[in-house]
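**Q** All I have is the shape, not the residue letters:
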């Protein structure tokens, strides 16, 4: 039996969705860090991918206060965090969250546990996420602009500041919901490959049981895939 192997079985280091897949339960919102885009090129990217817009654009912010009196400093931070929560509730384009790899909710019940010391003397801080839904019409400037405007307009108590901490990232909600679409793309591409070699050839595909993986394919776009191994062989 003749076999022609078309490689798409990727190493574990490229399975960037594996951590998220292991979380299990609930509606998962996974962070896709922009820094990963440079790790992919034509030699390592799988041929068959599903391209889609990210669900949200997010950025981590530090809410910091350097009022000298510790009690007053905590009160000012608490007041600013409450202002952020109330402002987000009134703005349908903005949400707040917590987390690094998986985004969770943030509400008033978490404020006191979030406030901690800073690396500067007489300074306290709280770290959280601000996110905005990515639309089909969005550009990176329009999406980041909504978050920047939210930060600027939110009332800050006393000597409190809201500072962007790090770069802009994207999120993906429930990656496994796209499994069927990705498998359909793999099937169509695989059958097309077999037809190229003639009517005596068919295909065998391995690896479709693996988790959905992804990488950033543009400023607001993602590429979703399943690592697989395709064999074109005689029937």
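**A** The structure has been received and is ready for your questions. Everything numeric here is computed off the predicted structure, so don't read it as measured data. Numbering: from 1, shown residues only.

**Q** what sits against residue 219?
**A** In this structure, residue 219 makes contact with 139, 140, judged by C-beta atoms under 8 Å, 6 or more residues apart in numbering. Every residue, glycine included, has its C-beta placed from N, CA and C.

**Q** Next, it: secondary structure please.
**A** Secondary structure, DSSP: H, G, I helix; E, B strand; the rest coil: residue 219 is coil.

**Q** What of residue 131?
**A** What three-state DSSP gives for residue 131 is strand.

**Q** That one and residue 61 touch, don't they?
**A** No - assessed by C-beta atoms under 8 Å, residue 131 is found out of contact with residue 61, at 10.8 Å.

**Q** Can you name the residues that contact residue 53?
**A** Applying C-beta under 8 Å, 6+ apart, we find residue 53 in contact with 134, 135, 136, 138, 220, 221, 222.

**Q** Give the next helix or strand downstream of the top helix by length along the chain.
**A** Secondary structure of the chain read by DSSP state H shows that its longest helix is helix 70-90. Remark: after helix 70-90, the chain's next helix or strand is strand 94-98, criterion DSSP states H and E.

**Q** From the chain's centroid, how far away is the next helix or strand after that next one?
**A** Going down the chain from strand 94-98, the next helix or strand is strand 104-105, by DSSP H and E. On the basis of C-alpha atoms, centre = their mean, to the nearest Å, strand 104-105 sits 13 Å off its chain's mean C-alpha point.

**Q** swap in stretch 178-195?
**A** The chain centroid and the centroid of stretch 178-195 are separated by 25 Å under C-alpha atoms, centre = their mean.

**Q** What lies in contact with it?
**A** Applying C-beta under 8 Å, 6+ apart, the external contacts of stretch 178-195 come out as 6, 47-50, 52, 201-203, 205, 208, 212, 224-226, 228, 230, 232.

**Q** circling back to that earlier point, which of residue 131 and residue 61 has more neighbours?
**A** Higher neighbour count among residue 131 and residue 61: residue 131, with 25 against 21, using other C-beta atoms under 10 Å.
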